[in-house]
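>>> Please find the sequence and the predicted model below.
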Amino acid sequence: MGCCDGEKTRGEARTEIASGQVKALFAMLTGLPDYAKERLEVCLTCSHRTWMTAAERVGWIIDNLGVIVGRTEHIPDGTAELPIRPEHVSGSFLCCRVCRCVCRKKALVKSTDCCKGLWKPPEA
């Protein structure tokens with residue numbers, strides 16, 4: 001079950017999102033674990049990928065803050081679509097147009113899976 005599929009409680013989803021944020025910061029110092037590298041390789045070839053600059057991402061978050069914070073509905077259903085930009089732009093983040101997540105952060109959360117089923121949590 002993914003972080004944004006509506007099956008998790010607000011608390012569970014927020015915990016996964018916060019975990020991805022913290023793990024992304026540590027990964028800047030320590031590098032990505034193998035499971036995250038494998039997941040990101042899949043994301044890089046996915047037809048649902050898009051690239052967003054920091055300014056675009058912040059703007060999107062501000063525009064959709066009510067749904068994100070209130071989590072009154074399934075996040076992708078209640079938010080604006082992400083731009084379609086399949087090619088990398090310098091200084092941009094790889095994002096998923098289906099679940100609206102930043103792929104690097106989602107890939108670092110071991111307990112989550114791809115919203116399209118392209119990767120699953122690693123087996124224990």
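Received the coordinates, thanks.
>>> How much space separates the residue nearest to Cys46 when sequence neighbours are not counted from Thr30?
In space, and not counting its chain neighbours, Cys46 is closest to Leu118: 6.4 Å by C-beta to C-beta, 6 or more residues apart in numbering. Yep, even glycine has a C-beta here, placed from its N, CA and C like the rest. Leu118 sits 25 Å away from Thr30, going by C-beta to C-beta, to the nearest Å.
>>> which one of those two has more residues nearby?
Using other C-beta atoms under 10 Å as the criterion, Leu118 and Thr30 rank with Leu118 on top: 14 against 9.
>>> Show me what counts as buried in the lengthiest helix in the chain.
Assignment by DSSP state H gives helix 10-30 as the longest helix of the chain. Buried residues in helix 10-30, defined by neighbour count with 16 or more other C-beta atoms under 10 Å: 13, 16-17, 19-20, 23-24, 27.
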